[in-house]
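Participant: My questions concern the predicted model and sequence given below.
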Amino acid sequence: PPACPACGSAALVEDAHYAQQQLVCAACGCVLAEGLLTTTYAEEERLREVAYSQSTGQKEQLSRCLQRGIRRVQDLCKVLQLPTVFEETAVSYFQRAVQHPSFRLVSVEKKELLGGCCVFVTCRQHNWPLTMGTICSLLYAKQELFASVFLSLQKELGLSVPAQSLADLVRTHLNSFRLFQHAGDVPPPFVEDKEKMVTRTMQIVELASETWLVTGRHPIPVVTAAAFLAWQSLQPAARLACTLARFCRLAGADLPPPAHLRLKELLEILLRMASQLAWLRVFTMDKKTVVKHIGDLLQHRVFLLKNAFCLEDGEEQREGSLGEGSPSKGSPSSSPAAAQGQHCPSEGKRQREGGRRPLLPPCLINPRKRLRTAAPSPSDPAVTGDEPISDSEIEQYLRGPEEIRAFRRAKVWQ
């Protein structure tokens, strides 16, 4: 070209750049044209030439942010001693996430947690027992922020993350306890065999799952309360005086705030089951003494739950009708109300006699108090919907000149 398109200067020179001829503007340095060169020895054999901007010399390199993120993912996998295939999968998820538009403008704190979320997703997909609390403790992150980044990653990348089973969660959570080996700050009566405690805790967690104590709730408080009861029941004489807070402190585990409520609910279930066990009716059971008999209660769990609770959906009535024969239509006991009254007493009678109650979720037994709206004052007129609309207000509902003319005609006719 006769002049530079960038600055208009006519001072154009040819420059050899790594044996490649380039036409450069001497005034502003703009490259107007470049020659061709080969990139690899194989291409030289085939006499293939490409431009320098498309060669390996101009290959796009990874950004510093991406390099730091990949190293963070790799270091996290090494700390957790994960297999190589886990590390490769987590790195691929991280590269996809960084290139996704939804994660380009997020804060630096969320980008740092993105690598941990990729490792967490990979472990869940391969059924590797890893909790969110473990990842957050390694990254010094808040669980609420980590959970929000994890949900965003799962949604934007369309990842399928299976739910972790309670059995794996119990074993993983109890692995961090310091009560399975003798230590200076742990009294000898408090040391327990790991397999016995895991087995007993799993049985209590299964009982909690069957009695609606796990559904819709965070599992860690339930597991913590179940582990405390299992630990106490294995040697009740020396451990009944220990509180839940001291137990968590000796075990080196955090005490989640709802764990006290889950412990209270589990003890209420155990007390109801103990009232149906024949050789325990002669004793006065309370929340301390019932712990001594947890082994017997868990051994007869199905029978005791069936006798301690009645079902609201009429399952017991159907079982009784199949065993005794279905009654006639004219029989008074054939009505649903009579059948319900026969097998499941009223609420007031259950409270007076300590009888059975339906096995319902705790949210239905003890519903939370809802904020009530303020009652209207007697001086305020009741709103019926037939109140007249003022002329200034009705203009807000009119649209178009035809409606305005129709309204004016209606006023003239009045």
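Facilitator: In hand now; what should we look at? Just so it is clear, the model here is predicted, and its values are computed rather than measured.
Participant: and the spatially most central residue of the chain, what is it in contact with?
Facilitator: Central residue of the chain (Cα atoms, centre = their mean): Ala147, 7.1 Å from the mean position. By Cβ atoms under 8 Å, 6 or more residues apart in numbering, the contact set of Ala147 is Met132. Glycine gets a C-beta too; all of them are placed from N, C-alpha and C.
Participant: Now do whichever strand or helix holds it: distance to the chain's middle.
Facilitator: Using DSSP states H and E, Ala147 falls within helix 143-157. Taking Cα atoms, centre = their mean, to the nearest Å, the mean C-alpha location of helix 143-157 is offset from the chain mean by 10 Å.
Participant: Same question for stretch 152-164.
Facilitator: Centroid separation between stretch 152-164 and its chain, computed with Cα atoms, centre = their mean, is 11 Å.
Participant: Span of that stretch from start to end?
Facilitator: Using Cα to Cα, to the nearest Å, one end of stretch 152-164 lies 19 Å from the other.
Participant: With stretch 233-244 instead?
Facilitator: 13 Å.
Participant: Pull out the buried positions in that stretch.
Facilitator: 233, 236, 239, 242, 244 (16 or more other Cβ atoms under 10 Å).
Participant: again with stretch 104-121
Facilitator: Those would be 110-121, for stretch 104-121 by 16+ other Cβ under 10 Å.
Participant: now do stretch 287-299
Facilitator: 290-294, 296-298.
Participant: contacts for that stretch?
Facilitator: 200, 203-204, 207, 229-230, 232-233, 236, 240, 267, 270-271, 273-274, 277, 280, 283, 304.
Participant: where does the stretch 1-150 of the chain dip in pLDDT?
Facilitator: 1, 16-20, 35-62 (pLDDT under 70).
Participant: Show me the strands in it, by range?
Facilitator: Shown for the stretch 1-150 of the chain, the strands assigned by DSSP state E, counting those that start in this stretch span residues 12-16, 21-25, 31-34, 36-37, 50-51.
Participant: give the contact list for Ala11.
Facilitator: 4, 25-27.
Participant: now do Ala237
Facilitator: Contacts of Ala237 by Cβ under 8 Å, 6+ apart: none found.
Participant: tell me the SS of it?
Facilitator: Under the three-state scheme (DSSP: H, G, I helix; E, B strand; the rest coil), Ala237 adopts helix.
Participant: gap between it and Ile294?
Facilitator: 14 Å (Cβ to Cβ, to the nearest Å).
Participant: what does Gln232 give?
Facilitator: 8 Å.
Participant: now swap in Thr224 and tell me
Facilitator: 16 Å.
Participant: Ala230 too?
Facilitator: For Ala230, the distance to Ile294 - Cβ to Cβ - is 8 Å.
Participant: Check Cys77 too.
Facilitator: 40 Å.
Participant: Likewise for Arg408?
Facilitator: 84 Å.
Participant: mind listing what Ala308 touches?
Facilitator: Ala308 neighbours (Cβ under 8 Å, 6+ apart): 272-273, 275-276, 356.
Participant: burial count for the closest residue to it other than its chain neighbours?
Facilitator: Among residues not flanking Ala308 along the chain, Arg272 sits closest, at 4.3 Å (Cβ to Cβ, 6 or more residues apart in numbering). Here the number of neighbours of Arg272 (other Cβ atoms under 10 Å) works out to 22.
Participant: how about the CA coordinates for the one helix or strand Arg272 maps to, as CSV?
Facilitator: Assigned by DSSP H and E, Arg272 belongs to helix 259-274. Once non-C-alpha atoms are left out, helix 259-274 reads as follows in CSV (Å, rounded to 0.1, in the frame of the first residue of the first chain):
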residue,chain,number,x,y,z
ALA,A,259,-27.9,-30.7,67.7
HIS,A,260,-29.5,-30.1,71.1
LEU,A,261,-33.0,-30.1,69.4
ARG,A,262,-32.2,-33.3,67.5
LEU,A,263,-31.0,-34.9,70.7
LYS,A,264,-34.3,-33.9,72.5
GLU,A,265,-36.4,-35.4,69.6
LEU,A,266,-34.5,-38.6,69.6
LEU,A,267,-34.9,-39.0,73.4
GLU,A,268,-38.6,-38.5,73.0
ILE,A,269,-38.8,-41.2,70.4
LEU,A,270,-36.8,-43.6,72.6
LEU,A,271,-39.0,-42.9,75.6
ARG,A,272,-42.2,-43.7,73.7
MET,A,273,-40.5,-46.9,72.5
ALA,A,274,-39.4,-47.8,76.0
